[in-house]
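# Coordinates for the following, if possible.
(one chain, ligands or ions: 1)
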Amino acid sequence: MIKQGVSLKTYNSFGVVAKADLFAVAKSTEDLQLILGDRRFHSAWILGGGSNTLFCNAPKQPIIHVNIAGIQIIEEDTEDVVILVGSGVNWHELVLWSLEQGFRGIENLSLIPGNVGAAPIQNIGAYGVELQDVFEKCSFVHRNNQTIETFDKAACKFGYRDSIFKNELKNKVVITNVSLRLKKKNYNLNTSYGAIEQELLSNNITVPSPKDVSDAVIKIRSNKLPDPKQLGNAGSFFKNPIVSNTQFQKLKTSFADIPHYIQPNGNYKIPAAWLIEQVGLKGVRKGEVGIHKHHALVLLNYGNASGQDIRDFSLSVQEKVQNHFNILLQPEVNFCC
Ligand code: EPU
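Predicted coordinates for the structure are as follows:
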């Protein structure tokens, strides 16, 4: 369960070389409680699928890799099903499993990298659907006393790429399982996102099934997001910034065509990819690091970049965008240094 001097290269989708002095794998809640109770692991870094983590060469913290398996149906009636999923299950495998069962709800979230345990932390979302739309509850272990607690949706305080686990409970708990409520019938598919509509149309699909929507999402994502197995990356590197109405109006006078999405509270979300593209960085490569030519929000490891190289490059992106637009991009990726 506990090892020393473990290479982290295969544990991060950026594929950077890094070594953990101390590394533990938790395959169950009980394992996790034991490891968290070991004082060597009090300040450990919690690692799931490694698709949102950028490691520096020699992270100072020990690593706990949470690898709790299992998908179970825990409630079912004629319309709905509630499933309980271990936090170590790969998210996309869960999506495929749910489609095989004929369940609806997470098809728009196809091909999102990472494991189920990370899904509530950043309320994963894509193509008009967020985890919170299907979320029922999740359980976690408190790091300080190893007790277990379960939160429902309201308690998780979900927001755009946000939840209580990134705020009040940041670094305080480790998620062990997640329950989702999926539909067996009487569902409405969310195909309003332009690219999905187009993809379905081009295949002459007028009454899509959840599988059709998933296939469309997979096609769209594969066309613009590089496969980490071929080119190291962590999906969107930055979050889309949200600015106040006043700041937005100011931006609009200088940049009339700025894309924007109005938020329920009157603020505006601006696509970070657009900001990065406008400062001329899309497709740019500097040594072993670069920005994808099909999507300006994706930073790439061309093979031999170190975590520090990627971090330095990301700082230069932030600086350029800030100088041009007076907007400070916030990384979606977490740095483990
Ligand atoms: N855009 C550009 N240049 C580009 C790409 C996009 O200007 O190279 C602009 C366009 O105006 C486009 C807009 O950005 O309309 C939005 O682009 P896209 O639909 O690709 O979405 P995104 O905001 O860049 C978010 C998520 C993705 C998710 C997509 C689809 C964040 C940080 N990212 O990206 O999630 O797949 O929406 O719903 O919210 C991830 O988190 O790793 C991720 C890939």
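
# Please tell me the pLDDT value assigned to the residue of the stretch 201-337 of the chain found nearest the ligand.
Closest to the ligand within the stretch 201-337 of the chain is G235: 2.4 Å, counting by CB to the nearest ligand atom. No exception for glycine: its C-beta is placed from N, CA and C like everyone else's. Predicted confidence (pLDDT) for G235: 94.

# do you know how far the nearest residue to it once chain neighbours are set aside is from A126?
Nearest non-adjacent residue to G235, counting by CB to CB, 6 or more residues apart in numbering: P113, 5.7 Å away. The gap separating P113 from A126 is 11 Å, by CB to CB, to the nearest Å.

# In the stretch 51-200 of the chain, what residue spans correspond to helices?
91-101, 153-156, 194-202 (DSSP state H, counting those that start in this stretch).

# shaky segments in this protein?
Residue ranges of the chain with pLDDT under 70: none are present.

# The ligand contacts on that one?
Within the chain, the positions adjacent to the ligand are 126-127, 225, 235-236, 239-240, 259, 271, 273-274, 277, 282, 295-297, 332 by CB under 6 Å from any ligand atom.

# Counting neighbours, which of those residues end up buried?
126-127, 225, 235-236, 239-240, 271, 273-274, 277, 282, 295-297, 332 (16 or more other CB atoms under 10 Å).

# any idea where the helices of the stretch 201-337 of the chain begin and end?
Under DSSP H, counting those that start in this stretch, the stretch 201-337 of the chain gives helices at 210-224, 245-254, 272-278, 307-325.

# Single out the most deeply packed of the ones you listed.
Between the helices of the stretch 201-337 of the chain, the one whose residues have the most neighbours on average, counting mean count of other CB atoms under 10 Å, is helix 272-278 (a mean of 21).

# Counting by contacts, list what it packs against.
Helix 272-278 sits against helix 307-325, with contacts defined as 3 or more CB pairs under 8 Å, 6 or more residues apart in numbering; DSSP states H and E.

# Redo the helices of the stretch 201-337 of the chain as TSV? Include distance to V82.
TSV is the format used below for the helices of the stretch 201-337 of the chain (distance: least, CB to CB, whole Å):
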stretch	distance to V82
helix 210-224	17
helix 245-254	40
helix 272-278	35
helix 307-325	39
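
# out of these, nearest to R40?
helix 307-325 (22.9 Å; CB to CB).

# circling back to that earlier point, so who does the residue nearest to G235 touch?
S13, G49, S51, N52, W91, H92, P228, A234, G235 (CB atoms under 8 Å, 6 or more residues apart in numbering).

# give me the residue from the stretch 1-150 of the chain nearest the ligand.
Closest point on the stretch 1-150 of the chain to the ligand, by CB to the nearest ligand atom, is A126, at 3.8 Å.

# Tell me if I'm right that V25 and N67 touch.
Yes: if you go by CB atoms under 8 Å, V25 and N67 touch, sitting 5.5 Å apart.

# Now I2: phi and psi?
Backbone torsions for I2, taken as degrees, to the nearest 10, come to phi -110, psi 130.

# who touches it in this structure?
Applying CB under 8 Å, 6+ apart, the residues contacting I2 are L22, F23, A24, I35, D38.

# Grab the most central residue of this protein for me.
A centroid search over the chain (CA atoms, centre = their mean) returns I124, at 5.3 Å, as the residue closest to the centre.
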